[in-house]
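Colleague: whatever this is, show me its structure:
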Amino acid sequence: MTVTDKTTAEHYTWGGICDGWHLLKAPGLSVIEERIPAGGAEVRHFHERTRQFFYVLSGVLSFEIDGKDYDLQPRQGIEIVPGTPHRVFNKGAAAAEFIVVSHPPSHGDRVTAEQTFA
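Modeller: Alright, predicted model coming up:
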């Protein structure tokens with residue numbers, strides 16, 4: 001058994017300004033803690049096989065999921081099923097920190113999605 005946290009986890013950056021820490025990186029399951037500073041965003045995409053659950057730790061995390069907008073507060077979560085176009089972004093003034101659980105892991109299962117809705 002290994003105890004892990006952000007100081008011991010594998011770190012990576014994405015979107016030029018966002019951070020991620022692999023808390024669990026296993027063949028069938030991924031648990032990542034991520035941080036998006038104010039103004040940060042990812043591109044709209046979907047996963048063909050991966051089911052994800054996002055859980056907000058701090059800040060307000062905004063989502064566009066299949067054409068609908070959601071603003072999640074700390075201690076709120078949302079599931080995204082395979083094939084659903086989505087993107088996460090931070091329109092707030094403070095950084096948003098959250099956990100992403102993916103089954104199976106989403107790396108390598110990401111397809112950029114065109115905006116097809118208003």
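Colleague: hang on, isn't His86 packed against Lys68?
Modeller: No: contact criterion C-beta atoms under 8 Å: His86 and Lys68 do not qualify, at 9.8 Å. Quick note: C-beta positions are derived from backbone N, CA and C, even for glycine.
Colleague: stretch 102-115: which residues count as buried?
Modeller: Under the neighbour-count criterion of 16 or more other C-beta atoms under 10 Å, stretch 102-115 has 102-106, 113 buried.
Colleague: actually stretch 19-30, not the one I typed
Modeller: 19-23, 30.
Colleague: mind checking the SS state of the residue most central in space within the chain?
Modeller: Among the residues of the chain, the one closest to the centroid is Val100, at 5.1 Å (C-alpha atoms, centre = their mean). Secondary structure for Val100, judged by DSSP: H, G, I helix; E, B strand; the rest coil, is strand.
Colleague: what sits against it?
Modeller: By C-beta atoms under 8 Å, 6 or more residues apart in numbering, the contact list for Val100 reads 30-32, 34, 52-55, 106.
Colleague: so for Thr116, what's the pLDDT?
Modeller: We have a pLDDT of 48 for Thr116.
Colleague: sorry, wrong one. I was asking about Thr2.
Modeller: 87.
Colleague: may I have the phi/psi pair for it?
Modeller: phi -130, psi 130 (degrees, to the nearest 10).
Colleague: from Asn90, how far off is it?
Modeller: 30 Å (C-beta to C-beta, to the nearest Å).
Colleague: out of those two, which sits in the more crowded spot?
Modeller: Asn90 (22 against 5; other C-beta atoms under 10 Å).
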